[in-house]
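Visitor: Okay, sequence plus prediction incoming.
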6 protein chains.
Amino acid sequence: MDLARRIADSETRVFKVVFPNTTNHYDTLFGGMAMYLMDEVAFMAATRFSRKRMVTVSSKQIDFNHPIPADTLIELIGRVTRVGTTSLDVEVEIFVEEMYSDSRHLAIKGGFTLVAIDENKSPRSVI
Amino acid sequence: MDLARRIADSETRVFKVVFPNTTNHYDTLFGGMAMYLMDEVAFMAATRFSRKRMVTVSSKQIDFNHPIPADTLIELIGRVTRVGTTSLDVEVEIFVEEMYSDSRHLAIKGGFTLVAIDENKSPRSVI
Amino acid sequence: MDLARRIADSETRVFKVVFPNTTNHYDTLFGGMAMYLMDEVAFMAATRFSRKRMVTVSSKQIDFNHPIPADTLIELIGRVTRVGTTSLDVEVEIFVEEMYSDSRHLAIKGGFTLVAIDENKSPRSVI
Amino acid sequence: MDLARRIADSETRVFKVVFPNTTNHYDTLFGGMAMYLMDEVAFMAATRFSRKRMVTVSSKQIDFNHPIPADTLIELIGRVTRVGTTSLDVEVEIFVEEMYSDSRHLAIKGGFTLVAIDENKSPRSVI
Amino acid sequence: MDLARRIADSETRVFKVVFPNTTNHYDTLFGGMAMYLMDEVAFMAATRFSRKRMVTVSSKQIDFNHPIPADTLIELIGRVTRVGTTSLDVEVEIFVEEMYSDSRHLAIKGGFTLVAIDENKSPRSVI
Amino acid sequence: MDLARRIADSETRVFKVVFPNTTNHYDTLFGGMAMYLMDEVAFMAATRFSRKRMVTVSSKQIDFNHPIPADTLIELIGRVTRVGTTSLDVEVEIFVEEMYSDSRHLAIKGGFTLVAIDENKSPRSVI
């Protein structure tokens, strides 16, 4: 399978209700929870692309420009954006959707780098 | 927007790692956890279709034919399959993907009926 | 021990506070959470009856007729209702109790089928 | 209703699978988790007895004589053992049941004192 | 290293936001949750003192004199207070801090006894 | 109180057992969980410094150089490193401690920027 096709096929989507138990005391999604979910999506997109054991080695700067209120829906979308020898990059976007209108906008975007490792936790080819 | 388009747009997908803390002591996804996730996806697909307050009123028979082992990925896909006056049906499928191969198969399928309610929790038009 | 006695002895009860973190944004118990709890009780009643490794193979239709508000108590009661060769049925009821009055009523009832499995996950006698 | 009857009716039982995610790294139920569950049962028994707002004011010494291994079932049983003017005592026992045999024994016993409070959090009559 | 130094070095501190999902329906920290956190801190202080496998064998009486409201910060501090042959005692205090003022006070104090165990779960020297 | 003193006083420490339910399927702390914990510590240090309502607006690049194995202890330490007009920076370090030896090393370091907001979520002075 060619690279472009593998990248398209490994796009990974996760919808989620912003239930009260994931929000802080300002009633918006806790920043750490957003980071947790983004890393999980990055891991899944990377694994589905490479079908190797992948681990996160770094996250790039993440800006939390738009607070995500409770009682909305969010969709996380993870896409492989760079394929190296033993590492790859995944970009994860979080969109916010109102529950009771068709309003939707991008709230957070972040980049993660993951490496493929073998049984001894040494780097190996990502493809 | 026409109905077919709203149904297509409200399709809701959720990928998830079957982490050890969601499995039972046979190391397969706990059935109750699968039901929990399916109802959450049904709720999101119904809400995204109707943009009304939706509540689950029943789940149809669910068969757990294929155990879902730990350390796999699952994708839940929810689709509106019937639109009534104050209620609609959502079908939710759970696919299992091996992490380290391209193998993927349907493991569980279930149907949920949800109704639209107004502020007083009385049924209202679903569209 | 005779069958009637084993059925009586394996009845399994679970009381639970409906804490805010188990409710949805309508402040009632999330349907998926009810299903999760019911399956856990079905599993315990089946295991306590058979003393074999049991897995859920299907849930029958479940009707959520009465929403369960936050800040109530619920009691789940699971009882074996059919004993087959390699499978058995468990019925699970959820009762709601007001905290500050003696009011109590049945809110949800559901049926689950479980099979006994051996070390190789093949069906085996349930008794 | 007379006192003995109210005490009998407020006995509160909770069965639970000791899933791996409630155990520590010795594969036995984490002591703090046992205390958490015991306090929850004490609260429910006290509330079901008094039908007033109850809060825990103290726990008596608790001895963890028998470690509770993963992959067993536990049953917590809470009973009102003393009824004062504005407070009452609840004793909570935890029994361990093997999954695959009829073996069952008492593992932990603890006492809790709870008081009834009014809207202003002042003590009020417990009956 | 001498004993006083090991005791000082093993002091263990944990700050925590009292998020809504750790409180009960009176909007104060659930007593069982406080006990859970205290036992975890006792375990860490004991382990960091002895560097042996430690298990809790008893908790002394715990008084919950001051309710801990939601949307405050708490700090748990665990200190070894007695060193025996195969057991030691840890005292754990919980302080409450207002978020938006410098107000801070002691809310709960509790004592735990832990023993050192070897691979066969037999008691062994704590030092 | 002068600035240096406020910075020293707001240093925030959190010890934690790396329990199996916080690790991924390689038996090391899940990267997203580390980010979640770091943001929580950053929030507490910022709040304890300013005693204002603080929200995270960005995280700087985070490198996960050293995997954190299960069954270790971690200590997170958060310190205010820059104080601006309406924002401040917090640096959070995660140290790993072996349970059964005095070995300890820095595993992860990350920077967060938080802003002080008023009731209308507009920026306000951080001091």
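Guide: Ah, there it is.

Visitor: Longest helix in chain A, by number of residues?
Guide: Of all segments of type helix in chain A, defined using DSSP state H, the longest is helix A:31-50.

Visitor: Say whether chain C is contacted by that one.
Guide: No: using CB under 8 Å from any CB of the partner chain, helix A:31-50 stays clear of chain C, with a minimum separation of 13.7 Å. Every residue, glycine included, has its C-beta placed from N, CA and C.

Visitor: what angle separates that helix from helix F:31-50?
Guide: On the basis of axes from the mean of the first three to the mean of the last three CA atoms, to 10 degrees, helix A:31-50 is oriented at 160 degrees to helix F:31-50.

Visitor: per-residue confidence averaged over stretch A:78-92?
Guide: For stretch A:78-92, mean pLDDT rounds to 98.

Visitor: ends of it, how far apart?
Guide: One end of stretch A:78-92 to the other measures 4 Å (CA to CA, to the nearest Å).

Visitor: Quickly check: it near chain F or not.
Guide: No: using CB under 8 Å from any CB, stretch A:78-92 stays clear of chain F, with a minimum separation of 10.7 Å.

Visitor: repeat for stretch A:53-61
Guide: Yes: using CB under 8 Å from any CB, stretch A:53-61 reaches chain F at A:Arg53, A:Val55, A:Thr56, A:Val57, A:Ser58, A:Ser59, A:Lys60, A:Gln61.

Visitor: Next, count neighbours for the last one.
Guide: Neighbourhood size, A:Gln61 [other CB atoms under 10 Å in any protein chain shown]: 13.

Visitor: quick one: buried residues of the biggest strand by length in chain A?
Guide: Identified as the longest strand of chain A according to DSSP state E is strand A:104-117. By 16 or more other CB atoms under 10 Å in any protein chain shown, the buried positions in strand A:104-117 come out as A:Ala107, A:Ile108, A:Lys109, A:Gly110, A:Gly111, A:Phe112, A:Thr113, A:Leu114, A:Val115, A:Ala116, A:Ile117.

Visitor: How about stretch A:74-83?
Guide: Using 16+ other CB under 10 Å as the burial criterion, the residues of stretch A:74-83 that qualify are A:Ile74, A:Glu75, A:Leu76, A:Ile77, A:Gly78, A:Arg79, A:Val80.

Visitor: List the ones among those that fall in strands.
Guide: A:Ile74, A:Glu75, A:Leu76, A:Ile77, A:Gly78, A:Arg79, A:Val80.

Visitor: The third one against A:Lys16, yeah?
Guide: Yes: contact between A:Leu76 and A:Lys16 holds when scored by CB atoms under 8 Å: they sit 7.3 Å apart.

Visitor: okay, and the common contacts of those two?
Guide: Listed as contacting both A:Leu76 and A:Lys16 by CB atoms under 8 Å, 6 or more residues apart in numbering or on different chains are A:Leu37.

Visitor: picking up where we left off before, can I get the ones in strands among the buried residues of stretch A:74-83 in JSON lines with distance to chain D?
Guide: Below are those laid out as JSON lines (distance: CB to the nearest CB, whole Å):
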{"residue": "A:Ile74", "distance to chain D": "25"}
{"residue": "A:Glu75", "distance to chain D": "28"}
{"residue": "A:Leu76", "distance to chain D": "24"}
{"residue": "A:Ile77", "distance to chain D": "29"}
{"residue": "A:Gly78", "distance to chain D": "26"}
{"residue": "A:Arg79", "distance to chain D": "31"}
{"residue": "A:Val80", "distance to chain D": "31"}
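
Visitor: Which residues of chain A lie near chain F?
Guide: With CB under 8 Å from any CB as the criterion, chain A meets chain F at residues A:24, A:26, A:28, A:30-33, A:35-40, A:43, A:53, A:55-65, A:67, A:121.

Visitor: switch to 10 Å and redo it
Guide: Proximity of chain A to chain F, by CB under 10 Å from any CB of the partner chain, involves residues A:24-26, A:28, A:30-43, A:53-65, A:67, A:110-114, A:117, A:121.

Visitor: How far does stretch A:55-67 stretch from one end to the other?
Guide: 28 Å.

Visitor: quick revisit: tell me the angle of the longest helix of chain A relative to strand A:104-117?
Guide: Angle, helix A:31-50 to strand A:104-117, by the same axes, to 10 degrees: 60 degrees.

Visitor: and the next element down the chain from helix A:31-50?
Guide: The C-terminal neighbour of helix A:31-50 among helices and strands, as given by DSSP states H and E, is strand A:53-59.

Visitor: ok, is that next one in contact with chain B or not?
Guide: Yes: against chain B, strand A:53-59 shows contacts by CB under 10 Å from any CB at A:Arg53, A:Met54.

Visitor: so which of the ones in strands among the buried residues of stretch A:74-83 comes closest to C:Val126?
Guide: Lowest distance from C:Val126 to those (CB to CB) belongs to A:Leu76, with 42.9 Å.

Visitor: Could you list the low-pLDDT ranges of chain A?
Guide: By pLDDT under 70, the weakly predicted segments of chain A are A:1, A:20-21, A:25.

Visitor: Can you name the residues of it sitting close to chain B?
Guide: A:1, A:6, A:9, A:11-17, A:19, A:40-41, A:43-45, A:47-48, A:50-54, A:73, A:75-78, A:97-104.

Visitor: And these, which of them are buried?
Guide: Buried among the residues of chain A next to chain B (16+ other CB under 10 Å): A:6, A:12-17, A:19, A:40-41, A:43-45, A:47-48, A:50-54, A:73, A:75-78, A:97, A:99.
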